[in-house]
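K.L.:
here is my input, please return the structure:
(chains A and B)
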Amino acid sequence: MITTLLGHPVVRLVAHRIAMGLVLLFAASLLIFVGTQILPGDVAQSILGQSATPQSLANLRAELGLNEPAVTRYISWLVGAMHGDLGTALTNGQDIAEAMGRRLGNTLFLASCAAIIAVPMALILGLVSVRYHRRWPDKVISGVTLASVSVPEFLLGYIVMFIMAVRLHAFPSVSTVYDSMSLLERLNAIALPVIVLVMVVLGHMMRMTRAAILNVMQSAYIETAELKGLRPFRIIWRHALPNAIAPVVNVVMLNLAYLVVGVVVVEVVFVYPGMGQYLVDHVAKRDVPVVQACGLVFAAVYIGLNMIADVVSILANPRLRHPK
Amino acid sequence: MNDELRYMLARTVQGKMNRRNFLGRAAAVGLTASAASTMLATGLKAQTPQKGGVLKIGMQGGGSTDSLDPALAANQVTFQLLKLFGDPLVELDPEGGPVLMRLAEAVESTPDAKQWTFKIRKGVKFHNGKDLTPDDVLATLKRHSDENSKSGALGVMQGIESLKVDGDNVVVSLTESNADLPYLMADYHLIIEPNGGMDDPASGVGTGAYKITVNEPGVRYVFEKFDEYWDESQGHFAGVEILVINDNTARTSALQSGQIHVANRIDPKVAGLMSRAPTIDVKNVSGKGHYVFIMHCNTAPFDNNDLRLALKYAINRQEMVDKVLQGYGTIGNDFPINASYPLFDDSIEQRAYDPDKAAFHYKKSGHDGTPIVMRTSDVAFAGALDASALFQQTAEASGIPLEIKREPGDGYWSDVWNVQPFSASYWGGRPVQDQMYSTAYLSSADWNDTRFNNPAFDKLLIEAKGELDTAKRKEMYSQMAYLVRDEGGLILPMFNDFICAITTDVQGWVEDPNQDLMNGLVAHKCWFA
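P.N.:
Sure, this is the predicted structure:
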């Protein structure tokens, strides 16, 4: 049973993908390390800023172990990371796994709230657009979503903030969340960034759904279904959507990855304590271990979600599921 | 109470509107005379400090890399945190007078100003329940001054020869006379920690008015009032919350939507608009910080004093204050001191924009007419790109070819400032003239970013340090100002104001030119109406 399962092409494929993913992660960590070494200045200089003297700089460098060669520092970090020890931040001595864990939790919370709203909404609006293709509902949906995609996200953030927080006092403009908050308080706090993120990702996913289904709608079997007298929504839902799933899943996964790794601007505007802001702060201070750890997590999210997209598109396609 | 009424009440209490007018206006918005009188009485009562409430401050200038270790504090937020949980020996006076006593009760010096004795206050408790002792003070000063120190205050502490405890006193002996030592002890890094923070530098334990309860670097810090705080005249709030809001628009929106009571670093572009909102007061005070263009006096073509003078005459200071600072600032005079400093000589003639003189000196310098490259960046100071463009235009009017090179913000302080011969930059102020000049204009100073090497200036600076006669000292500082102004590599178009905004229910604001947010003491001295 197990051997047949292991021999199954899908399992083999997943195993292969995971192995590739690990290699990619390693390559990413190497790239990030090299990148941080190329950047000008170092952590000691960044910490002390304008008030530093050559002596205090030298003292701090020695204490942080910056006088070791770069290769030694990379290898000792790598060995630690493989043992699950991400080390402590050079700048404030906080445990990276703990600090990052909290930030990652916040980021995933925001991303999943946005995704729970945006993904079904995109699919439904996509289906509606196809159903009323080239009629007014299609045009309104396309127009609105395209407009919200085209506005830069920080401006979108300011507009939403001005209307919802400053004018209407409906939601707080500062989305800081912390441990002692209840779920309801948290949801209230992140309402504005969720609105903005939904507006940013909705258009992309909705257009892709619409395009993929429209593509399938040209097929002969759809015409057959129409001639059988099926209702238009049933045709789209039962016959067209399953065959359009692969490209839709791909674009959904890309947008989910964006929600996790690419929302730093929204985080800054709404003061949300997520991963993006955490990473940017540490890059500015050249705090290499933290940058490495964040890079690793981001790369893992990207690789993982893309892997899921690949596997789903294979499972959705009988031809790929049963290769000859 | 509606916003308009609240606004009028605040103005009446502040004495900007008279009582009769207030009652008249209150009637106009439909209030009975007796209700208006009661309201006014309550408003006037608000003049005396009230206890309680949680003050929320939204601040720019913090990051998730920040530490509670006082030695490593280098930005606005960490500065504010130290002020809340700790106390220094002495504090700067908002009026510019002698230092105010905090954990030190008295300060005395030997006549030559080489040995200083700080009498340490008794009955002061740390947040961990221990009593403050002179040994804690000694350990703190040692940690910031010993040769292995990585403290931001190391530069301040350099002249210390030895430190010792003598009964209730801590005695500081200096290698050279320094009449300004008490001012240096007001440095914000030098808050007293238990055993000087030798055991746990970032514990956040101090003697301050507020005790830290939540520390999420770069996000949020929560404080509660320390019940056993020794100074009952300060610290009126039940708690303080600091939110790090680096984005300018987010900070002002948070203030407008009532999520915070105080916001620092208001963008001059919106300060005027904000002051029109009825529930918000914009508080600006001219500080010691200044925006500068710096030339290396030892690098061609800036090694020619005529070229330096040409550039100094070619900048339009008033235009910069009007357009870059929107009027929230004062014009500079090419030396780093203004009226906020003690012993300032206000008789020094103001240098004005003069295209003819600029052209004259440029010609005299014999410069070959190749473009003079000036490096700038949006991180150099707020509005640096605009200021550079204005400078380029006014220089061009005198035939000086200025080429603006925009550098990336990341790495500007390590690769451009203090490295390239001509760049835009800023300086925060220092408590006293001596410290400002010693930090950046003494020829041997680490941060001599204009490469100013003038033996006469150095000699005056060292002599003035030990001069206890204030009239003579003032004269010396005046001479030094002329040297920097007429021969130095500093072009100083403007001193920037500290601009904060508060909601009108925050009372007791004091103008303090020393630093942002009333020198970090907003939570100590203010209260809720």
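
K.L.:
roughly how far apart are the nearest residue to residue A:315 once chain neighbours are set aside and chain B?
P.N.:
Closest residue in space to residue A:315, ignoring its immediate chain neighbours: residue A:321 at 6.0 Å, by Cβ to Cβ, 6 or more residues apart in numbering or on different chains. Using the backbone N, CA and C atoms, a C-beta is placed for each residue, glycine as well. For residue A:321, the distance to chain B (Cβ to the nearest Cβ, to the nearest Å) stands at 45 Å.

K.L.:
quick one: the helices in the stretch 51-200 of chain A?
P.N.:
A:54-64, A:70-82, A:96-131, A:136-150, A:153-160, A:183-189, A:191-217 (DSSP state H, counting those that start in this stretch).

K.L.:
of all these, which one is nearest residue B:173?
P.N.:
Minimum separation from residue B:173 across these (Cβ to Cβ) falls at helix A:54-64, 20.4 Å.

K.L.:
what residues sit buried inside that closest one?
P.N.:
A:55-61, A:64 (16 or more other Cβ atoms under 10 Å in any protein chain shown).

K.L.:
reformat the residues you listed as CSV; add pLDDT and distance to chain B.
P.N.:
As requested, the buried residues of helix A:54-64 are exported to CSV (pLDDT from 0 to 100; distance: Cβ to the nearest Cβ, whole Å):
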residue, pLDDT, distance to chain B
A:55, 76, 7
A:56, 75, 5
A:57, 78, 8
A:58, 81, 9
A:59, 79, 5
A:60, 78, 4
A:61, 81, 9
A:64, 76, 9
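
K.L.:
turn those residues into TSV, including distance to residue A:161.
P.N.:
TSV is the format used below for those (distance: Cβ to Cβ, whole Å):
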residue	distance to residue A:161
A:55	46
A:56	41
A:57	41
A:58	45
A:59	44
A:60	39
A:61	42
A:64	39
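
K.L.:
wait, residue A:122 touches residue A:209, no?
P.N.:
Yes - Residue A:122 is within contact range of residue A:209, at 6.0 Å (criterion: Cβ atoms under 8 Å).

K.L.:
list the contacts of residue B:454.
P.N.:
Each residue near residue B:454 by Cβ atoms under 8 Å, 6 or more residues apart in numbering or on different chains is listed here: B:443, B:483, B:487-488.

K.L.:
select only the buried ones of these in PyMOL?
P.N.:
To isolate the buried ones among the contacts of residue B:454 in PyMOL, judged by 16+ other Cβ under 10 Å, type:
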select buried, chain B and resi 483+488
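
K.L.:
and the least confident of the contacts of residue B:454?
P.N.:
In this model, the minimum pLDDT among the contacts of residue B:454 belongs to residue B:443 (89).

K.L.:
pretty sure it is in a strand, no?
P.N.:
No - counting by DSSP: H, G, I helix; E, B strand; the rest coil, residue B:443 is not found in a strand; it is coil.

K.L.:
okay but it is in contact with residue B:458, surely?
P.N.:
Yes - the criterion here is Cβ under 8 Å, and residue B:443 meets it with residue B:458 at 5.5 Å.

K.L.:
if we can go back for a sec, so the residue nearest to residue A:315 touches residue A:313, yeah?
P.N.:
No - assessed by Cβ under 8 Å, residue A:321 is found out of contact with residue A:313, at 10.2 Å.

K.L.:
these two: who's more crowded?
P.N.:
A side-by-side neighbour count of residue A:321 and residue A:313, using other Cβ atoms under 10 Å in any protein chain shown, places residue A:313 first with 17 against 11.

K.L.:
need the next SSE after the host helix or strand of the more buried one, C-terminal direction.
P.N.:
Using DSSP states H and E, residue A:313 sits within helix A:288-315. Downstream of helix A:288-315, the first helix or strand assigned by DSSP H and E is helix A:318-321.

K.L.:
packing partners of that following helix?
P.N.:
Contact here means 3 or more Cβ pairs under 8 Å, 6 or more residues apart in numbering or on different chains; DSSP states H and E; on that basis helix A:318-321 packs against helix A:288-315.

K.L.:
can you list the buried residues in the helix it packs on?
P.N.:
If you call a residue buried by 16+ other Cβ under 10 Å, then helix A:288-315 has these buried ones: A:288-299, A:301-310, A:312-314.

K.L.:
okay, the angle between it and helix A:96-131?
P.N.:
Angle of helix A:288-315 versus helix A:96-131, following axes from the mean of the first three to the mean of the last three Cα atoms, to 10 degrees, is 30 degrees.

K.L.:
tell me which other helices or strands helix A:288-315 touches.
P.N.:
Helix A:288-315 packs on helix A:9-38, helix A:70-82, helix A:96-131, helix A:241-261, helix A:275-284, helix A:318-321, going by 3+ Cβ pairs under 8 Å, 6+ apart.

K.L.:
ranking the ones you listed by mean pLDDT, which is last?
P.N.:
Among the helices and strands packed on helix A:288-315, helix A:318-321 scores lowest, with a mean of 72.

K.L.:
in it, which residues are buried?
P.N.:
Using 16+ other Cβ under 10 Å as the burial criterion, none of the residues of helix A:318-321 qualify.

K.L.:
residues in contact with that helix?
P.N.:
A:9-10, A:313-315.

K.L.:
likewise stretch B:383-397?
P.N.:
By Cβ under 8 Å, 6+ apart, stretch B:383-397 touches B:268, B:291, B:293, B:311, B:314-316, B:319-320, B:323-325, B:353, B:355, B:358, B:374, B:376-378, B:381, B:401-404, B:406, B:424, B:493.

K.L.:
can you say which of these are buried?
P.N.:
Of the contacts of stretch B:383-397, these count as buried by 16+ other Cβ under 10 Å: B:268, B:291, B:293, B:311, B:314-316, B:319-320, B:324-325, B:353, B:355, B:358, B:374, B:376-378, B:381, B:402, B:424, B:493.

K.L.:
quick check: which element contains residue 269?
P.N.:
If you meant another chain, say so; for now it's chain A. Assessed by DSSP H and E, residue A:269 sits inside helix A:264-270.

K.L.:
the intended chain is chain B.
P.N.:
In this assignment (DSSP H and E), residue B:269 forms part of helix B:268-274.

K.L.:
so residue A:189 versus residue B:124, what's the distance?
P.N.:
39 Å (Cβ to Cβ, to the nearest Å).
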